[in-house]
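Peer 1: 3D, please:
(one chain, ligands or ions: 1)
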Amino acid sequence: MEALKYLAGYPPHVQARVRELIAQGRLGALLAGRYSQPHAVRSDAQLYDYVQELKDRHLRRSVPLGKVIYDSKLQVMKHALGTHTSVSRVQGSRLKASREIRIATVFREAPAEFLKMIVVHELAHLKESDHNKAFYQLCLHMEPDYHQLEFDLRLYLTQLEVGQARA
Ligand SMILES: [Zn+2]
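Peer 2: Numbers count the residues shown, from 1 in each chain. I've put the predicted structure just below:
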(Lines give C-alpha, C1' and ligand atoms only; values in the text may rest on other atoms or scores of the structure.)
Protein backbone atom coordinates (compact mmCIF):
# COMPACT_ATOMS: atom_id res chain seq x y z
CA MET A 1 0.00 0.00 0.00
CA GLU A 2 1.25 3.47 -0.85
CA ALA A 3 2.28 5.75 1.98
CA LEU A 4 0.13 8.81 2.55
CA LYS A 5 3.09 11.15 2.68
CA TYR A 6 1.12 14.26 3.58
CA LEU A 7 -0.47 12.43 6.51
CA ALA A 8 2.61 10.61 7.76
CA GLY A 9 2.41 12.20 11.20
CA TYR A 10 -1.23 11.22 11.82
CA PRO A 11 -2.46 8.15 13.72
CA PRO A 12 -3.20 4.90 11.85
CA HIS A 13 -6.99 5.17 12.26
CA VAL A 14 -6.97 8.59 10.61
CA GLN A 15 -4.90 7.28 7.71
CA ALA A 16 -7.14 4.25 7.40
CA ARG A 17 -10.21 6.48 7.11
CA VAL A 18 -8.52 8.56 4.40
CA ARG A 19 -7.56 5.40 2.46
CA GLU A 20 -11.16 4.31 2.66
CA LEU A 21 -12.38 7.62 1.22
CA ILE A 22 -9.80 7.35 -1.59
CA ALA A 23 -10.78 3.74 -2.35
CA GLN A 24 -14.44 4.76 -2.51
CA GLY A 25 -13.53 7.68 -4.78
CA ARG A 26 -15.14 10.10 -2.34
CA LEU A 27 -12.27 12.24 -1.10
CA GLY A 28 -12.35 14.70 -4.02
CA ALA A 29 -16.09 15.30 -3.75
CA LEU A 30 -15.89 15.70 0.00
CA LEU A 31 -13.23 18.40 -0.32
CA ALA A 32 -14.96 20.11 -3.24
CA GLY A 33 -18.12 20.31 -1.15
CA ARG A 34 -16.32 21.83 1.79
CA TYR A 35 -14.02 24.17 -0.15
CA SER A 36 -15.72 25.55 -3.22
CA GLN A 37 -14.42 29.10 -3.17
CA PRO A 38 -11.64 29.92 -5.63
CA HIS A 39 -9.46 32.98 -5.19
CA ALA A 40 -8.28 35.65 -7.61
CA VAL A 41 -4.66 35.87 -6.48
CA ARG A 42 -3.06 34.96 -9.82
CA SER A 43 0.15 36.94 -10.19
CA ASP A 44 3.11 37.55 -7.92
CA ALA A 45 2.05 41.21 -7.62
CA GLN A 46 -1.42 40.16 -6.47
CA LEU A 47 0.16 37.68 -4.07
CA TYR A 48 2.35 40.41 -2.61
CA ASP A 49 -0.70 42.64 -2.01
CA TYR A 50 -2.62 39.77 -0.48
CA VAL A 51 0.20 38.93 1.95
CA GLN A 52 0.81 42.59 2.79
CA GLU A 53 -2.87 43.13 3.55
CA LEU A 54 -2.97 40.20 5.98
CA LYS A 55 0.28 41.36 7.55
CA ASP A 56 -1.04 44.91 8.02
CA ARG A 57 -4.09 43.51 9.74
CA HIS A 58 -2.29 41.18 12.15
CA LEU A 59 1.46 41.74 12.27
CA ARG A 60 1.97 45.38 11.45
CA ARG A 61 5.06 45.79 13.63
CA SER A 62 7.08 42.83 12.48
CA VAL A 63 9.86 43.02 9.89
CA PRO A 64 8.99 44.40 6.46
CA LEU A 65 8.13 41.96 3.70
CA GLY A 66 10.73 41.30 1.08
CA LYS A 67 9.96 39.51 -2.14
CA VAL A 68 6.70 37.53 -2.25
CA ILE A 69 6.33 35.06 -5.12
CA TYR A 70 4.74 31.88 -6.34
CA ASP A 71 7.49 29.33 -6.79
CA SER A 72 6.92 26.36 -9.09
CA LYS A 73 10.10 24.64 -7.93
CA LEU A 74 9.09 24.56 -4.31
CA GLN A 75 8.63 21.14 -2.79
CA VAL A 76 5.35 21.56 -1.01
CA MET A 77 6.21 19.58 2.09
CA LYS A 78 9.82 20.57 2.36
CA HIS A 79 9.16 23.13 5.00
CA ALA A 80 5.60 22.49 6.12
CA LEU A 81 4.20 23.53 2.77
CA GLY A 82 5.81 26.89 2.12
CA THR A 83 9.13 28.50 2.75
CA HIS A 84 10.48 31.59 4.32
CA THR A 85 13.92 33.02 3.90
CA SER A 86 15.53 35.62 6.03
CA VAL A 87 17.48 38.13 3.97
CA SER A 88 19.76 40.48 5.80
CA ARG A 89 21.15 43.49 4.02
CA VAL A 90 23.52 46.12 5.23
CA GLN A 91 22.04 49.56 4.71
CA GLY A 92 24.53 52.16 5.79
CA SER A 93 25.57 51.01 9.21
CA ARG A 94 22.25 49.39 10.01
CA LEU A 95 21.50 45.78 9.36
CA LYS A 96 18.02 45.59 8.06
CA ALA A 97 16.21 42.29 7.90
CA SER A 98 13.44 41.69 5.44
CA ARG A 99 11.66 38.49 4.66
CA GLU A 100 11.13 36.70 1.43
CA ILE A 101 8.04 34.53 1.18
CA ARG A 102 7.68 31.86 -1.46
CA ILE A 103 4.41 30.05 -1.93
CA ALA A 104 4.26 26.78 -3.87
CA THR A 105 2.49 27.26 -7.20
CA VAL A 106 -0.07 24.58 -6.32
CA PHE A 107 -1.76 27.22 -4.15
CA ARG A 108 -2.55 29.39 -7.17
CA GLU A 109 -5.22 26.87 -8.17
CA ALA A 110 -6.16 25.80 -4.66
CA PRO A 111 -9.32 26.94 -2.84
CA ALA A 112 -9.16 30.36 -1.17
CA GLU A 113 -9.03 28.89 2.35
CA PHE A 114 -5.83 26.95 1.62
CA LEU A 115 -4.04 29.97 0.21
CA LYS A 116 -4.96 31.88 3.33
CA MET A 117 -3.76 29.05 5.55
CA ILE A 118 -0.35 28.84 3.91
CA VAL A 119 0.11 32.62 3.92
CA VAL A 120 -0.81 32.71 7.62
CA HIS A 121 1.77 29.98 8.21
CA GLU A 122 4.49 31.94 6.44
CA LEU A 123 3.55 35.22 8.13
CA ALA A 124 3.71 33.58 11.56
CA HIS A 125 7.32 32.68 10.73
CA LEU A 126 8.13 36.38 10.57
CA LYS A 127 7.96 36.27 14.35
CA GLU A 128 8.61 32.65 15.24
CA SER A 129 11.09 30.57 13.28
CA ASP A 130 10.14 27.25 14.87
CA HIS A 131 6.85 25.37 14.84
CA ASN A 132 6.39 25.91 18.56
CA LYS A 133 3.42 26.84 20.72
CA ALA A 134 3.82 30.57 20.13
CA PHE A 135 3.97 29.92 16.41
CA TYR A 136 0.63 28.07 16.37
CA GLN A 137 -0.95 30.68 18.61
CA LEU A 138 -0.05 33.29 16.03
CA CYS A 139 -1.51 31.13 13.27
CA LEU A 140 -4.75 30.75 15.25
CA HIS A 141 -4.87 34.48 15.89
CA MET A 142 -4.81 35.13 12.14
CA GLU A 143 -7.00 32.16 11.20
CA PRO A 144 -9.12 30.53 13.93
CA ASP A 145 -9.66 27.41 11.77
CA TYR A 146 -5.94 26.99 11.18
CA HIS A 147 -5.62 23.40 12.42
CA GLN A 148 -8.64 22.14 10.50
CA LEU A 149 -7.44 23.91 7.36
CA GLU A 150 -3.98 22.44 7.66
CA PHE A 151 -5.39 18.94 7.99
CA ASP A 152 -7.77 19.48 5.07
CA LEU A 153 -4.93 20.91 2.99
CA ARG A 154 -3.07 17.65 3.55
CA LEU A 155 -6.14 15.81 2.30
CA TYR A 156 -6.32 18.14 -0.70
CA LEU A 157 -2.67 17.50 -1.63
CA THR A 158 -3.22 13.77 -1.18
CA GLN A 159 -6.23 13.94 -3.47
CA LEU A 160 -4.25 15.86 -6.12
CA GLU A 161 -1.68 13.06 -6.18
CA VAL A 162 -4.33 10.37 -6.39
CA GLY A 163 -5.88 12.25 -9.30
CA GLN A 164 -2.53 12.57 -11.07
CA ALA A 165 -1.73 8.91 -10.52
CA ARG A 166 -5.02 7.87 -12.09
CA ALA A 167 -4.80 10.28 -15.02
ZN1 LIG B 1 6.82 26.43 8.81
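Peer 1: residue nearest the centroid of the protein?
Peer 2: I118 (2.2 Å; Cα atoms, centre = their mean).
Peer 1: give me the element that residue is part of.
Peer 2: Per DSSP states H and E: I118 is located in helix 112-124.
Peer 1: quick one on the thing from earlier: any idea how far the residue nearest to the centre of the chain is from D130?
Peer 2: In this view, I118 and D130 are 18 Å apart by Cβ to Cβ, to the nearest Å. Where you see a C-beta, it was placed from the backbone N, CA and C, and this is true even at glycine.
Peer 1: The residue nearest to the centre of the chain and K55, how far apart?
Peer 2: I118 is 14 Å from K55, where distance means Cβ to Cβ.
Peer 1: would you say R60 is within a strand?
Peer 2: No - with DSSP: H, G, I helix; E, B strand; the rest coil as the criterion, R60 is located in coil rather than a strand.
Peer 1: Would you map the helices across this protein?
Peer 2: Secondary structure of the chain (DSSP state H): helices at 12-23, 27-34, 44-58, 106-109, 112-124, 133-142, 146-166.
Peer 1: For these, give me JSON lines that also has distance to E100 and mean pLDDT.
Peer 2: Shown next, in JSON lines, are those (distance: least, Cβ to Cβ, whole Å; pLDDT from 0 to 100):
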{"stretch": "helix 12-23", "distance to E100": "33", "mean pLDDT": "94"}
{"stretch": "helix 27-34", "distance to E100": "30", "mean pLDDT": "95"}
{"stretch": "helix 44-58", "distance to E100": "11", "mean pLDDT": "97"}
{"stretch": "helix 106-109", "distance to E100": "16", "mean pLDDT": "92"}
{"stretch": "helix 112-124", "distance to E100": "10", "mean pLDDT": "94"}
{"stretch": "helix 133-142", "distance to E100": "18", "mean pLDDT": "95"}
{"stretch": "helix 146-166", "distance to E100": "22", "mean pLDDT": "89"}
